[in-house]
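Trainee: What shape does this take:
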Amino acid sequence: AGAAGSGPSAPPADGDAAGGGGKDPVTYVEELLKLKGRYDEVIERAFRSDKLFTNAVNRAFESFVNANARSPEYLSLYADHLLRREVRAAGEDEVEAVLDKLVTLFRYLQEKDLFEKYYKQHLAKRLLGGRVVSDDLERAMISRIKAECGFQFTSKIEGMFGDIKLSADAMKGFREHLAGARGAEAGAPDGKVGGVELSVQVLTTGHWPTQPASNCIFPPEVQRCIDAFTRYYLAQHSGRTLKWHGNMGHADLRASFSGRRHEVNVSTYQMCVLLLFNDRDAVSYEEIANATQIPAADLKRALQSLACAKYKILTKEPKGRDVADSDVFHFNDNFTAKQIRFKVGTVSAVKETDAEKAETRTKMDEDRKPQVEAAIVRTMKSRKALEHNLLVAEVASQLRGRFVADPQMIKKRIESLIEREFLERDKGDWKTYKYLA
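Mentor: Modelled structure (predicted):
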């Protein structure tokens, strides 16, 4: 009884915060699942699933899962691992059983909105990169989250799947339009524009975790495709605007190295860089930056991937792992690879860096402000007048399903609503607020 009363301890790790975390999200979550399974078995066999022991384990898990600030990110990364890789190795039935266990850990999270943010990022990469192995399993995971948190929690995620389907219909119509143009300005009857086949995903603003559109300059042959699609799409959907996100796409290129031909899958930014070498053998970093206008951090990652990683399609002077503004890049005509078709990955961390983590936290705090204000207004609209502590408690209770609202944040949002004349203080009792219709 003493062991059950104190609850289990977190899995050992050399990671980031109290309660573990480790350097590997997959290992961290798998150890949590094993630990949970072990205690569940003990309680079932030795204590006949007695609620006292079950509740003690649940309290302990909730404590140390939330002690690690990276738990929401790691749970999402583990789901990404399951849905991209494990499906191929283990099969759908086995993965679905693990997803059920993963949702049990998800219930312990106090910052479920942070999990949602990471899950949308990882899902976007799967959908846009063509890495969805099982559509049924993807939707089954969303259904489980919806059952836990409600429709509002998953509406944008479901909207992402809707955009993919609508985009497929739009591309079918675009290719039929090109075929009907019969070599006019749009292209040839094979559905290509100037020999280039374009595939576009039209994403609804607000559904996707997109960054601001960059001012990337696309190669002329690609820009012709973009212009043709833009004309077609806006003729079908008046009043809309299209912003092109080069950081989210990819391309298939045919490349020739001393007579050896390969098909190379690269990111859109990598494509913009490589096509510069069609008419020259050497290009400086400064020239690449000016010709493409790719953001500096993204450009350096793209060049690292092309010149310093597994597939060295380019060579760099001076040699080294890091890319400097003074570097010069050469086309590597001596490049060889065993595969005829291969993919060049982009150098990036699987987990967020500390800077990215801080940025995510800042964005998350900004996203929470309107949710806190909406809960305050809902409460005051129904109660008309309420004392400060009771209002804070009621708002915190309403938001508990998504995140733990800090009383100081609630207080600041109350002050903001008073300034904007949604609320006012009671003249006879300054601790009591009144709703202003």
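Trainee: I'd like to know how many residues surround Lys310.
Mentor: Look at Lys310: counted by other C-beta atoms under 10 Å, it has 10 neighbours. Backbone N, C-alpha and C define where each C-beta goes, glycine included.
Trainee: same question, Gly428
Mentor: Considering only other C-beta under 10 Å, Gly428 is surrounded by 6 other residues.
Trainee: now it: how far from Lys192?
Mentor: Gly428 is 76 Å from Lys192, where distance means C-beta to C-beta, to the nearest Å.
Trainee: same question, Ile217
Mentor: 22 Å.
Trainee: now the stretch 1-150 of the chain, which segments are flagged as low pLDDT?
Mentor: Scanning the stretch 1-150 of the chain with the threshold set as pLDDT under 70 gives 1-23.
Trainee: where exactly do the helices run in it?
Mentor: 2-6, 25-47, 51-67, 71-81, 87-90, 92-108, 112-128, 135-149 (DSSP state H, counting those that start in this stretch).
Trainee: I'd like to know which elements the fourth one is packed against.
Mentor: This points to helix 71-81. Applying 3 or more C-beta pairs under 8 Å, 6 or more residues apart in numbering; DSSP states H and E, one finds that helix 71-81 contacts helix 25-47, helix 92-108, helix 112-128.
Trainee: With the longest one instead?
Mentor: Other helices and strands packing on helix 25-47, by 3+ C-beta pairs under 8 Å, 6+ apart, are helix 51-67, helix 71-81, helix 92-108.
Trainee: Show me the one of those helices that comes nearest Tyr269.
Mentor: Across these, the minimum distance to Tyr269, taken as C-beta to C-beta, is reached by helix 71-81, at 22.1 Å.
Trainee: by how many degrees do the closest one and helix 135-149 diverge?
Mentor: Computed with axes from the mean of the first three to the mean of the last three C-alpha atoms, to 10 degrees, the direction of helix 71-81 lies at 160 degrees from that of helix 135-149.
Trainee: what's the spacing between Phe153 and Ile414?
Mentor: Counting by C-beta to C-beta, the gap from Phe153 to Ile414 is 25 Å.
Trainee: Thr54 too?
Mentor: 38 Å.
Trainee: So those two - more neighbours on which side?
Mentor: Higher neighbour count among Thr54 and Ile414: Ile414, with 22 against 16, using other C-beta under 10 Å.
Trainee: per-residue pLDDT, the more buried one?
Mentor: Here, the pLDDT recorded for Ile414 equals 95.
Trainee: ok, and the closest non-adjacent residue to it?
Mentor: Ile376 (6.2 Å; C-beta to C-beta, 6 or more residues apart in numbering).
Trainee: That neighbour: helix or strand, and which one exactly?
Mentor: In the assignment (DSSP states H and E), Ile376 maps to helix 354-383.
Trainee: list the buried ones in that helix?
Mentor: For helix 354-383, burial by neighbour count (16 or more other C-beta atoms under 10 Å) applies to Thr360, Met364, Arg368, Gln371, Val372, Glu373, Ala375, Ile376, Val377, Thr379, Met380.
Trainee: The spatially closest residue to Val26 that is not a sequence neighbour - how many residues pack around it?
Mentor: Nearest residue to Val26, sequence neighbours excluded (C-beta to C-beta, 6+ apart): His81, at 5.2 Å. For His81, the count of nearby residues is 16 (other C-beta under 10 Å).
Trainee: ok, His81 touching Tyr28?
Mentor: No: in this structure, His81 is not within contact of Tyr28 by C-beta atoms under 8 Å, at 11.4 Å.
Trainee: Highest mean neighbour count out of the helices and strands packed on helix 25-47?
Mentor: helix 71-81 (a mean of 24; mean count of other C-beta atoms under 10 Å).
Trainee: tilt between it and helix 354-383?
Mentor: 110 degrees.
Trainee: CA atoms only: put helix 71-81 into CSV for me.
Mentor: Output in CSV follows, covering the C-alpha atoms of helix 71-81 (Å, rounded to 0.1, in the frame of the first residue of the first chain):
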residue,chain,number,x,y,z
SER,A,71,6.3,16.1,-22.8
PRO,A,72,3.7,17.7,-25.2
GLU,A,73,6.4,17.9,-28.0
TYR,A,74,7.7,14.3,-27.3
LEU,A,75,4.2,12.7,-27.3
SER,A,76,3.6,14.4,-30.7
LEU,A,77,7.0,13.2,-32.0
TYR,A,78,6.2,9.7,-30.9
ALA,A,79,2.8,9.7,-32.7
ASP,A,80,4.7,11.0,-35.8
HIS,A,81,7.2,8.1,-35.4
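Trainee: i'd like the first residue to be 49 from this point on
Mentor: Renumbered: residue one is now 49, and that last one reads helix 119-129.
Trainee: what comes into contact with it?
Mentor: Applying C-beta atoms under 8 Å, 6 or more residues apart in numbering, the external contacts of helix 119-129 come out as 67, 69, 73-74, 76-78, 113, 116, 147, 150, 153-154, 157, 159-160, 162-163, 165-167, 169-171, 173-174, 189, 398-400.
Trainee: quick one on the thing from earlier: and the gap between the residue nearest to Ile462 and Lys432?
Mentor: Ile424 is 13 Å from Lys432, by C-beta to C-beta.
Trainee: could the helices and strands packed on helix 73-95 go into CSV alongside distance to Tyr481?
Mentor: Shown next, in CSV, are the helices and strands packed on helix 73-95 (distance: least, C-beta to C-beta, whole Å):
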stretch, distance to Tyr481
helix 99-115, 31
helix 119-129, 32
helix 140-156, 33
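Trainee: Which one of those lies nearest to Ala261?
Mentor: Judging those by C-beta to C-beta, what sits closest to Ala261 is helix 119-129, at 24.8 Å.
Trainee: what about that closest one, distance to the chain center?
Mentor: 11 Å (C-alpha atoms, centre = their mean, to the nearest Å).
Trainee: Give me the nearest residue to the most centrally placed residue in the chain, chain neighbours excluded.
Mentor: Closest residue to the average C-alpha location of the chain: Gln169 at 0.5 Å, with C-alpha atoms, centre = their mean. The shortest distance from Gln169 to any non-neighbouring residue, by C-beta to C-beta, 6+ apart, is to Pro257 (4.8 Å).
Trainee: contacting residues around Leu465?
Mentor: Glu421, Ile424, Val425, Leu471.
Trainee: follow-up on the earlier one: I'd like to know which of the helices and strands packed on helix 73-95 is closest to Gly207.
Mentor: Going by C-beta to C-beta, the one of the helices and strands packed on helix 73-95 nearest Gly207 is helix 119-129, 18.0 Å.
Trainee: and Asn295, what pLDDT?
Mentor: 86.
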